[in-house]
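Visitor: Sequence first, then the predicted structure, then my questions.
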Amino acid sequence: MALAAVFFLAGTPTAFATPPLLDPQAGYQELASDFLVRNLQAHDGLAVDGEGQPAYATTTYAIAALVAAGYNLDQAKASAQALLGTGEAFIGPPEEVGAKATAIALTVLSLRLTDLDPTTFPVPAGTRDLIADLTSAIHDDGSIGDWASAYGQGYALMALAAGGDSIPDKAIDWLVAQPCADTASPGFGGFGFSPGSCEDVDPDSTALAVLGLLQANAQAKAGTTIDNAAAYLASIQDSSGGFVSPMAGVNANTTGLVVSALNASIRALVVPASSANLDKARAFVLSLTYRCGGPADTLGAIAYDKATFSTPIAQLDAATESALVASTAQGMTGLYYAVVGQHGVEQSDGGNVCSFMGESNSSGNASHGTETNPSQSATPSDQASDAGQSNTSDLIGGIPAWAWIAGSLVLLVIVVAGGVLIVRSRRQ
């Protein structure tokens with residue numbers, strides 16, 4: 001199957017200028033990919049938490065990020081194959097399908113992004129069809145899973161659409177009915193964890209709802225919903241360029257997701273966001289990136305927020321490394337353009353990438369970016385994380401309309417179509 005963009009992929013709208021050769025955002029996108037690969041390889045293909053235990057959701061984010069970037073695709077597939085060997089540790093037993101719907105959706109996406117089959121997932125009792133599992137979690141009202149939310153619904157729609165599976169209209173209708181409808185509320189158009197509420201609207205849930213609707217090719221019935229959601233997202237950009245989570249302030253994870261959704265929406269010609277605003281968002285993520293000239297073990301990593309980035313790393317212990325892997329996997333999508341890796345480096349080599357960007361890579365203290373802003377605490381994507389509720393651009397396995405593609409897609413999945421742009425990977 002041809003590689004196509006998925007999830008967090010950022011298709012470049014015609015209004016965007018193609019990044020110049022050796023642009024730092026392209027270079028650090030590759031270095032961020034290399035950082036993820038080093039950590040995944042160190043743990044048999046899986047991301048781990050601060051105690052060394054498998055962090056399954058983070059692994060799925062890392063797979064999507066690598067595929068979206070188009071770098072280190074062999075590792076993306078190796079990590080997806082590692083997921084195949086985890087049995088029911090992440091997806092849970094058959095009787096818990098409703099409770100584990102988001103974990104199942106994330107697993108399906110990872111497998112489809114790397115051209116693996118989610119219908120024959122190995123488990124102790126034999127194999128399970130994860131598509132059938134996910135479909136069985138759709139309720140009569142269209143909600144998916146035991147704790148339905150825009151966050152989980154978005155992932156589920158993407159997982160089903162990624163392989164061209166039929167999506168019941170009721171599943172789309174349920175999501176379309178969930179955004180804040182109070183025009184006087186600052187959260188108008190946004191989605192939250194409480195269905196239909198304006199009280200807990202957040203950008204992570206909103207971004208995933210937009211991506212899910214676009215991947216499900218639901219623009220015809222959800223055009224206004226997508227427009228309003230995109231307008232809400234554009235309204236919460238901070239002066240630093242990052243996007244504000246009411247739960248965690250300005251952070252890389254939320255910004256990466258929002259950039260994905262706005263890029264996808266722009267491709268669908270429904271978002272009024274300017275290229276200048278998205279350039280500011282990319283600059284914000286770049287400002288949280290550990291640059292050339294710093295320690296080799298953190299080169300390319302993206303800090304969660306300004307407070308984290310400003311704190312010197314005396315020793316890269318397990319907890320710190322785990323946190324950097326999680327924030328890098330979700331934050332690096334904020335650096336994406338449709339055209340990436342233009343410097344032509346075919347093999348991972350941090351020193352060469354740094355030199356191509358005209359930056360020194362001599363060891364020393366971590367080189368910091370210039371603009372930053374925030375505070376730390378868990379974003380919705382972090383909380384959903386490895387408990388099964390959980391966050392790009394190139395995809396594997398022709399997938400219909402996706403995140404920014406409106407007919408085909410990106411990071412989480414896709415094949416160009418309906419005015420969408422497909423990004424093919426240059427590095428297998």
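Guide: Yes, it's here.
Visitor: quick one, strands of the stretch 251-400 of the chain?
Guide: Assigned by DSSP state E, counting those that start in this stretch, the strands in the stretch 251-400 of the chain fall at 394-396.
Visitor: Tell me where it is predicted with low confidence.
Guide: Within the stretch 251-400 of the chain, the stretches with pLDDT under 70 are 266-274, 337-352, 356-358, 360-400.
Visitor: same thing but 80
Guide: Flagging of the stretch 251-400 of the chain using pLDDT under 80 yields the residue ranges 264-276, 336-400.
Visitor: where do the helices sit along it?
Guide: Assigned by DSSP state H, counting those that start in this stretch, the helices in the stretch 251-400 of the chain fall at 252-267, 275-287, 306-310, 318-331, 350-356, 380-384.
Visitor: Make a markdown table from those helices and add mean neighbour count to it.
Guide: Using the backbone N, CA and C atoms, a C-beta is placed for each residue, glycine as well. As requested, the helices of the stretch 251-400 of the chain are arranged in a markdown table below (neighbours: other C-beta atoms under 10 Å):
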| stretch | mean neighbour count |
| --- | --- |
| helix 252-267 | 32 |
| helix 275-287 | 20 |
| helix 306-310 | 19 |
| helix 318-331 | 24 |
| helix 350-356 | 18 |
| helix 380-384 | 25 |
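Visitor: Pipe the ones you listed into a markdown table and attach distance to residue 298 per row.
Guide: A markdown table is the format used below for the helices of the stretch 251-400 of the chain (distance: least, C-beta to C-beta, whole Å):
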| stretch | distance to residue 298 |
| --- | --- |
| helix 252-267 | 14 |
| helix 275-287 | 15 |
| helix 306-310 | 11 |
| helix 318-331 | 7 |
| helix 350-356 | 11 |
| helix 380-384 | 20 |
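Visitor: Please name whichever of those helices is nearest to residue 93.
Guide: helix 380-384 (19.7 Å; C-beta to C-beta).
Visitor: Could you list the buried residues of stretch 237-252?
Guide: Buried positions in stretch 237-252, judged by neighbour count with 16 or more other C-beta atoms under 10 Å: 237-238, 240-252.
Visitor: so how far does stretch 233-252 reach from one end to the other?
Guide: 15 Å (C-alpha to C-alpha, to the nearest Å).
Visitor: Report the distance from that stretch to the chain centre.
Guide: Counting by C-alpha atoms, centre = their mean, to the nearest Å, stretch 233-252 is centred 16 Å from the centre of its parent chain.
Visitor: before we move on, what about stretch 68-79?
Guide: Centroid displacement of stretch 68-79 relative to its chain, using C-alpha atoms, centre = their mean, is 14 Å.
Visitor: re earlier: nearest to residue 297, of the helices of the stretch 251-400 of the chain?
Guide: helix 318-331 (8.1 Å).
Visitor: got the contact list for the closest one?
Guide: 8, 32, 35-36, 39, 47-52, 55, 58, 61-62, 64-65, 251-253, 255-257, 285, 288, 298, 300-304, 308, 313, 381-382, 385, 391 (C-beta atoms under 8 Å, 6 or more residues apart in numbering).
Visitor: buried subset of the residues you listed?
Guide: Buried among the contacts of helix 318-331 (16+ other C-beta under 10 Å): 8, 32, 35-36, 39, 47-49, 55, 58, 61-62, 64-65, 251-253, 255-257, 285, 288, 298, 300-304, 308, 313, 381-382, 385, 391.
Visitor: for the stretch 1-150 of the chain, what spans make up the helices?
Guide: So, for the stretch 1-150 of the chain - with DSSP H, counting those that start in this stretch - the helices run 24-41, 56-69, 73-84, 101-113, 130-136, 150-162.
Visitor: Just put these in CSV and tack on mean pLDDT.
Guide: Formatted as CSV, the helices of the stretch 1-150 of the chain follow (pLDDT from 0 to 100):
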stretch, mean pLDDT
helix 24-41, 87
helix 56-69, 93
helix 73-84, 96
helix 101-113, 96
helix 130-136, 97
helix 150-162, 94
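Visitor: Which one of the ones you listed lies nearest to residue 279?
Guide: Across the helices of the stretch 1-150 of the chain, closest to residue 279 is helix 24-41 (C-beta to C-beta), at 9.1 Å.
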